[in-house]
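1. Show me the folded form of this:
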Amino acid sequence: MLLLVWTLGADSQWCLLLLCLIEVTSTLKYITLSNHYRHSPKPRVIKGISDVNNEYPFAVSLERIKPVILGLQIFRKCTGSLIKDKWVLTAAHCLGPSLKLVRCGNMMLPRNKSRCLVKIRKKIPHPAFKLLVGESDNFLLENDVGLLLIDNVPIKTHGQLHTADYKTFTGRACKYAGFGSIFPEIGTPKEHVQKLLINNKMLLQIGEGVVWNDNSLKKYVKPVIIVAPKPDKKHQAPNIGDSGAPLMIDNRIVGVYSISDKMRKNHTNYSFFTPISPYLDFIRNITNSPDSYLNQLAVP
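-> Next comes the predicted model:
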């Protein structure tokens with residue numbers, strides 16, 4: 001069994017190496033090695049709906065400078081939320097070395113014409129963040145919360161953080177929103193690839209669910225908010241590229257998307273979000289810190 005451990009230790013080279021491995025393996029997981037095209041492109045949030053009413057204007061796309069697959073203009077890596085001027089909340093496992101840019105606004109525009117594309121100045125995972133990756137039925141994410149210090153973006157609306165204890169949310173209806181990415185299978189016809197590239201530029205996708213309580217599933221993400229799909233939308237779930245996406249209750253952010261139960265062999269449609277209530281002090285302390293302090297942080 002392969003076991004990889006990511007912690008914020010002194011050896012930053014190991015941290016960067018492991019994050020590179022995570023990026024490569026997570027990408028390969030979504031590229032079926034087949035000689036035949038079998039499926040048409042799917043929405044990023046599976047069975048999600050487009051945010052045509054701009055319900056989440058604070059949601060941003062976290063992107064690479066270079067495309068993940070040569071020749072295909074797919075740059076999206078994760079999703080985040082602008083919670084304050086120059087500050088984005090996301091998942092700590094998103095903060096790999098390839099993450100360089102934050103994009104918002106009209107996603108249909110070419111990137112070189114967007115007025116809402118800025119550089120990431122600092123990546124700050126929670127100091128106790130830990131990732132264990134083993135066999136497909138054996139993984140663990142702990143304290144999967146991170147912050148990005150970015151250049152100014154032309155967004156006036158910030159995501160508001162819910163201050164209630166996440167343990168009180170069981171049974172509550174919730175929503176989540178992600179930009180996501182879709183990768184082509186090997187052998188995909190050219191005309192379908194073009195549709196896929198257009199879909200990767202489309203609007204934010206919204207999904208719905210209910211906060212669930214199942215102690216048997218709490219061993220994969222700690223701490224965790226488990227979200228089950230609604231009965232009439234049982235196949236709806238976050239997808240690749242939605243990591244870091246906001247989980248919303250009462251129109252406020254209660255968590256960030258960490259991982260789906262689809263990672264396991266005998267998976268369900270549950271999705272795992274890291275709650276933000278245990279990290280409110282961390283978020284406030286970092287986002288209120290002077291530049292002189294932030295410049296001293298030994299983070300990627």
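2. Now stretch 287-300 - C-alpha only, PDB.
-> Listed next in PDB are the C-alpha coordinates belonging to stretch 287-300 (Å, rounded to 0.1, in the frame of the first residue of the first chain):
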ATOM      1  CA  THR A 287      -6.400  38.200   7.000                       C
ATOM      2  CA  ASN A 288      -5.800  41.000   9.600                       C
ATOM      3  CA  SER A 289      -2.100  40.500   9.800                       C
ATOM      4  CA  PRO A 290       0.300  43.200   8.500                       C
ATOM      5  CA  ASP A 291       2.400  42.600   5.400                       C
ATOM      6  CA  SER A 292       5.500  42.500   7.500                       C
ATOM      7  CA  TYR A 293       4.200  39.400   9.300                       C
ATOM      8  CA  LEU A 294       2.900  37.700   6.200                       C
ATOM      9  CA  ASN A 295       6.300  38.100   4.500                       C
ATOM     10  CA  GLN A 296       7.900  36.100   7.300                       C
ATOM     11  CA  LEU A 297       5.700  33.100   6.900                       C
ATOM     12  CA  ALA A 298       7.600  30.100   5.500                       C
ATOM     13  CA  VAL A 299       4.800  28.900   3.200                       C
ATOM     14  CA  PRO A 300       4.800  27.900  -0.500                       C
END
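3. which parts of it are buried?
-> Of the residues in stretch 287-300, those buried under the neighbour-count criterion (16 or more other CB atoms under 10 Å) are Thr287, Leu294. The C-beta positions use only the backbone N, C-alpha and C, and glycine is treated the same way.
4. With adjacent residues omitted, what lies nearest to Phe139?
-> Val133 (5.4 Å; CB to CB, 6 or more residues apart in numbering).
5. Do a quick rundown of the helices in the stretch 51-200 of the chain.
-> Using DSSP state H, counting those that start in this stretch, the helices found in the stretch 51-200 of the chain span residues 190-199.
6. how about low-confidence regions in it?
-> For the stretch 51-200 of the chain, the stretches with pLDDT under 70 are 51-52, 68-74, 106-114, 135-138, 181-200.
7. What ranges does it have for its strands?
-> Under the criterion DSSP state E, counting those that start in this stretch, the stretch 51-200 of the chain carries strands at the ranges 59-64, 76-84, 87-90, 99-103, 117-125, 130-133, 139-142, 146-150, 173-178.
8. I'd like to know how many residues surround the residue nearest to Phe139.
-> Here the count is done by other CB atoms under 10 Å, and Val133 has 20 residues near it.
9. Ser243 now?
-> As a burial measure, Ser243 scores 26 neighbours (other CB under 10 Å).
10. Now do the end-to-end distance for stretch 139-150.
-> When the termini of stretch 139-150 are compared using CA to CA, to the nearest Å, they are 31 Å apart.
11. Stretch 128-140 now?
-> In terms of CA to CA, the two terminal residues of stretch 128-140 are separated by 13 Å.
12. same thing with stretch 119-139?
-> Counting by CA to CA: the opening and closing residues of stretch 119-139 are 31 Å apart.
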